[in-house]
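J.: predicted structure and sequence below. I'll ask about it afterward.
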Amino acid sequence: MPARSRQEERSQHTRQRLMAATIECLVELGWSGTTTTVVAERAGVSRGAQLHHYRTRAELVLAAVAHLAEERREEVRREVAALPRGENHTAAVLDMLARLYTGPLFQAALELWVAARTDPELRAAVVPLEAKVGRESHRLTVELLGVDEGRPGVREAVQATLDLMRGLGLANTLTDDSARRNRLLREWARTLDRTLRETR
């Protein structure tokens, strides 16, 4: 393997370790505890290596959240083939989305949102990232449900679904809200099926 390729491979490995450590820190320690020093230590890389790839904490955290969002979307797409067809399809899609919004990606993003509320520089970077993730989540949900967004009411139903998921993810941050969440998801699946049938 050429020396340049080996160096690129090492750099990629270092970035992946840094991003994984960043998400772990955000989930466990919050924004205030996720310093570049702590992340570098957890990733097992030198401060110099960390600074070479990501000059600031904000740059590192934003890269980590964007990377994890892409990984989670690809993971969901791989699971699509296993989803049941027919009457249980919508409920299965909602369960899959709920796992996204109660997992580490949502927890890490939530830490960013809270910090960005009072940090103008961070906010300027977070808002476009959140808009991009929101658009991609919307497209993914349309794809998973197999609906035509051009039909009246479909876009609003999909957006209401994603808003519900965010709310359920938020409710799960302090206590295990799974029992209530499962009841709400079953009811929303029935409501969504009725709504989508009416738009077909």
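T.: Nice, I can see it. Just so it is clear, the structure is predicted and the values come from calculations on it, not from any experiment.

J.: I'd like the next helix or strand past the helix or strand of the chain with the lowest mean pLDDT.
T.: Least confident helix or strand of the chain, by mean pLDDT, DSSP states H and E, is helix 57-79 with a mean of 84. Downstream of helix 57-79, the first helix or strand assigned by DSSP states H and E is helix 89-101.

J.: need the contact list for the closest residue to A115 other than its chain neighbours.
T.: Leaving out its chain neighbours, the residue that sits closest to A115 by CB to CB, 6 or more residues apart in numbering is W31, at 4.0 Å. Using the backbone N, CA and C atoms, a C-beta is placed for each residue, glycine as well. By CB atoms under 8 Å, 6 or more residues apart in numbering, W31 lies in contact with 61, 111-112, 114-115.

J.: tell me the buried residues in stretch 50-69?
T.: 50, 53-54, 57-58, 60-65, 67-69 (16 or more other CB atoms under 10 Å).

J.: ok, residues contacting it?
T.: If you take CB under 8 Å, 6+ apart as the criterion, stretch 50-69 is touched by 11, 14-15, 18-20, 22-23, 26, 31, 34-36, 39-40, 43, 104-105, 108-109, 112, 121-122, 125-126, 129, 132-133, 136.

J.: how close does G169 get to P104?
T.: Using CB to CB, to the nearest Å, G169 is found at 11 Å from P104.

J.: so where's the protein shaky on pLDDT?
T.: 1-4, 199-200 (pLDDT under 70).

J.: determine the longest helix present in it.
T.: In the chain, with assignment by DSSP state H, the single longest helix is helix 3-33.

J.: how big is the angle separating that one from helix 57-79?
T.: With axes from the mean of the first three to the mean of the last three CA atoms, to 10 degrees defining the directions, helix 3-33 sits at 110 degrees from helix 57-79.

J.: which helices and strands sit right next to the very next helix or strand once past helix 3-33?
T.: Reading on from helix 3-33 to the C-terminus, the next helix or strand found by DSSP H and E is helix 36-43. When contacts are defined as 3 or more CB pairs under 8 Å, 6 or more residues apart in numbering; DSSP states H and E, helix 36-43 sits against helix 3-33, helix 47-53, helix 57-79.

J.: flag every buried residue along helix 36-43.
T.: Using 16+ other CB under 10 Å as the test for burial, helix 36-43 gives 36, 38-40, 42-43.

J.: number of nearby residues for S32?
T.: By other CB atoms under 10 Å, 8 other residues sit near S32.

J.: then T35?
T.: T35 has 13 neighbouring residues, counting by other CB under 10 Å.

J.: which residue is the nearest non-sequential neighbour of it?
T.: Take T35 and drop its neighbours on the chain: the residue closest to it by CB to CB, 6+ apart is R57, 6.6 Å away.

J.: related to what we said a few turns ago, can you tell me which of the contacts of stretch 50-69 are buried?
T.: For those, buried by 16+ other CB under 10 Å: 14-15, 18-20, 22-23, 26, 31, 34, 36, 39-40, 43, 104-105, 108-109, 112, 122, 125-126, 129, 133.

J.: okay if I get the helices and strands packed on helix 36-43 as a markdown table plus distance to G150?
T.: Below are the helices and strands packed on helix 36-43 laid out as a markdown table (distance: least, CB to CB, whole Å):
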| stretch | distance to G150 |
| --- | --- |
| helix 3-33 | 36 |
| helix 47-53 | 42 |
| helix 57-79 | 22 |
